[in-house]
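> Mind looking at a prediction? Sequence and model below.
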Amino acid sequence: MPAKRSTAQPADASASNPLALDEQLCFAVYSTMLSLNKVYRGLLRDLDLTYLQYLVMLVLWEKDEINVSEICSRLALETTTLTPLLKRLEARGLIQRARSARDERQVIVSLTADGRALHTKARGLPGCVAQAMELSPDQIGALRTQLLEMRASLDRNA
């Protein structure tokens, strides 16, 4: 019986193969985000928050008493994704939701005293994440700038 021909390429052949997984920027970003989420998962365990809940809290710590659509816009989330997160944060006593007195179609989200207190506990997280990245503050800033520019370009061209 004749030997089957191998279709596997040598490891160094990926540079000449534009469809090699390791050559894909999308996979580098995706797999990096998975690793970043692992770091956050460990750090957020002490705060009893998921990563998305943490992002919501970051928005509220910047600006309290904002409407749901503004949170959706800041986080690039759909209302159907955000609403269950808000319900869980409200059940934990970190936020409260109320209809706007000016426009009952709008729901205003605000921090409770416990939600504001959690801000103090979370202050060290960015430093811990930076330490896990093993990058200098300048490198992190440059990388963030590049990613934001790339996101803007992708949004314009999507």
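Right, received. Where do you want to start?

> which residues of this protein fall in strands?
Along the chain, the stretches classed as strands by DSSP state E are 66-67, 95-99, 107-111.

> just checking, which of those sits deepest inside the structure?
Looking across those with neighbours counted as mean count of other Cβ atoms under 10 Å, the highest average goes to strand 107-111: a mean of 18. Just so you know, the C-beta spots here come from the backbone N, C-alpha and C atoms, and that holds for glycine as well.

> can you list the weak-confidence ranges in the chain?
Along the chain, the model assigns pLDDT under 70 to residues 1-15.

> where exactly do the helices run in it?
Secondary structure of the chain (DSSP state H): helices at 25-45, 51-62, 68-75, 79-91, 113-122, 125-133, 137-157.

> quick one, domains of the protein?
31-121, 124-158 (automatic domain parsing).

> Run a quick neighbour tally on R45.
10 (other Cβ atoms under 10 Å).

> ditto for L43
Neighbours of L43 under the rule other Cβ under 10 Å: 19.

> and it, what is it in contact with?
Applying Cβ atoms under 8 Å, 6 or more residues apart in numbering to L43 gives the contacts 125, 128-129.

> Now that we have the residues you listed, which of them are buried?
Taking 16 or more other Cβ atoms under 10 Å as the criterion, what is buried in these is L125.

> Distance to D48 for the contacts of L43 - can I get that in JSON lines?
Listed next are the contacts of L43 as JSON lines, based on distance: Cβ to Cβ, whole Å:
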{"residue": "L125", "distance to D48": "13"}
{"residue": "C128", "distance to D48": "16"}
{"residue": "V129", "distance to D48": "18"}
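
> rewinding a little: out of the domains of the chain, which one sits most buried?
The stretch of these with the highest mean neighbour count (mean count of other Cβ under 10 Å) is domain 31-121, at a mean of 15.
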